[in-house]
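> From the sequence below, what's the structure:
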Amino acid sequence: AILDITDHEDFVACFWVASSFVQTAAIAYYTTYYDADLVDVAYIDLIVGLVSFIYVMIHSFSKGWYRRYLGGIFKNFALRNTLAVKTLFGTSIPLMFGQLLAYGEWE
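Next comes the predicted model:
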């Protein structure tokens, strides 16, 4: 998500299209030529997602796209900011109950 808002959305979009194509082709091949079930499709999804994540991380770090943000990501303990934590909970709890009421099944 950081790459989308730091002017690298072209890379993210192109890579997402390419990895989705690879994933679809792998699932189509495996289900066509082997007796695949839903668990096999889940494993393919997991493997393609993991390889994609590792590639994007290595590529992004080698290009230096995360360098500006590493301090804020790894050296910050946000729970000490009590105003932000109160705002987060004050916003998320009503939204959580709204989602529960809207999409929860009541039988």
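
> From now on I want contacts and neighbour counts done on CA atoms only, so please keep to that.
OK.

> Count residues in the vicinity of the closest residue to A36 other than its chain neighbours, would you?
Distances taken as Cα to Cα, 6 or more residues apart in numbering put Y30 closest to A36, at 6.5 Å, once the chain neighbours are dropped. By the criterion of other Cα atoms under 10 Å, Y30 has 16 neighbours.

> Was I right to think Y30 contacts D37?
No - when contacts are counted by Cα atoms under 8 Å, Y30 is not listed as touching D37 (9.6 Å).

> what stretches of the chain score poorly on pLDDT?
For the chain, applying pLDDT under 70 flags the ranges 1, 105-107.

> quick one: the helices in it?
2-5, 9-33, 38-63, 70-74, 82-103 (DSSP state H).

> re earlier: relative to W16, how far out is the residue nearest to A36?
Applying Cα to Cα, to the nearest Å, the value for Y30 to W16 is 21 Å.

> D40 too?
Noted for D40: a distance of 21 Å to W16, by Cα to Cα.

> go on, Y43?
Shown here: Y43 relative to W16, a distance of 18 Å by Cα to Cα.
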